[in-house]
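A.B. asks: sequence unknown, structure follows:
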């Protein structure tokens, strides 16, 4: 009788391990198909929720991670990809205590739910997986279940650690791709600024000389003199703008009409001293 019980337990363990591996294989397939940062974040939480049949899945990105801030810019919370948001590392450490290994709990206070599942979906248990890559803390990936038994403390977390490593590696790879794109944009912005200054400098110089000649004509009517002064002020403003454009050294954008974004000349020419606070163009 005992032998039959042992066999049933071994069969159940083998079935469970096979199920875990199948889910991890599905995660691998998803990550291989979504290597761009924007694309990855847009589908990540919903896809993992489907694979693991969970009520809630979220991604809390470390707000003090410079590469993440540069890649995603200063987005408002409601403009982040579904299920994604920023949290301060210190806040996560206070709640979790340890940012090195998965955290499981089925006794969730309202503050904890609000921190990891701000969408209002009820969860009775959760697993929080810290995401680390090459010594960098990227944030936490959070699984929420309506069952209090799904992620009870003391359960085996080996597969959760494996899942966290896969997600951290994929997120890091997407960040590297986005960094390359941002570098290309910066180089293109600087090159375009240099070309614009080169093309505008000669006409502006000529226009300034012609204005001086007009001012020396005998004698001008008051109305014409006032118009010349207005034109002179506009020429001076254009000259100052060309000078600012010539100092563009980074890629910084601002909103424009019809949902477009254009380079912010002032910010790009004189970016903030703290790179982590530097606004960037959106994906």
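C.D. replies: Okay, I see it. Note that this is a predicted model, so its numbers are computed, not measured.

A.B. asks: who's in contact with the nearest residue to residue 118 once chain neighbours are set aside?
C.D. replies: Excluding the flanking residues, the one nearest residue 118 by CB to CB, 6 or more residues apart in numbering is residue 85, at 6.5 Å. For the C-beta atoms, the positions are set from N, CA and C on the backbone; glycine is no exception. Applying CB atoms under 8 Å, 6 or more residues apart in numbering, we find residue 85 in contact with 58, 59, 60, 61, 77, 118.

A.B. asks: Regarding residue 85, what are the backbone dihedral angles?
C.D. replies: phi -160, psi 170 (degrees, to the nearest 10).

A.B. asks: Tell me the pLDDT of the spatially most central residue of the chain.
C.D. replies: Nearest to the geometric centre of the chain sits residue 72, at 2.5 Å (CA atoms, centre = their mean). With respect to pLDDT, residue 72 scores 83.

A.B. asks: For it, grab phi and psi.
C.D. replies: phi -100, psi -10.

A.B. asks: roughly how far apart are it and residue 140?
C.D. replies: According to CB to CB, to the nearest Å, residue 72 and residue 140 sit 16 Å apart.

A.B. asks: At which residues are the helices of the stretch 151-283 of the chain located?
C.D. replies: 158-215, 222-246, 265-269 (DSSP state H, counting those that start in this stretch).

A.B. asks: Let me know the angle separating the second one from helix 158-215.
C.D. replies: This points to helix 222-246. 150 degrees (axes from the mean of the first three to the mean of the last three CA atoms, to 10 degrees).

A.B. asks: Can you mark which positions in helix 222-246 are buried?
C.D. replies: Using 16 or more other CB atoms under 10 Å as the test for burial, helix 222-246 gives 228, 232, 235, 239, 241, 242, 244, 245, 246.

A.B. asks: Tell me who's in contact with residue 100.
C.D. replies: Residue 100 touches 130, 132, counting by CB under 8 Å, 6+ apart.

A.B. asks: Likewise for residue 149?
C.D. replies: 106, 125.

A.B. asks: before we move on, the earlier item: report the beta-bridge partner residues of the residue nearest to residue 118.
C.D. replies: residue 60 (DSSP bridges).
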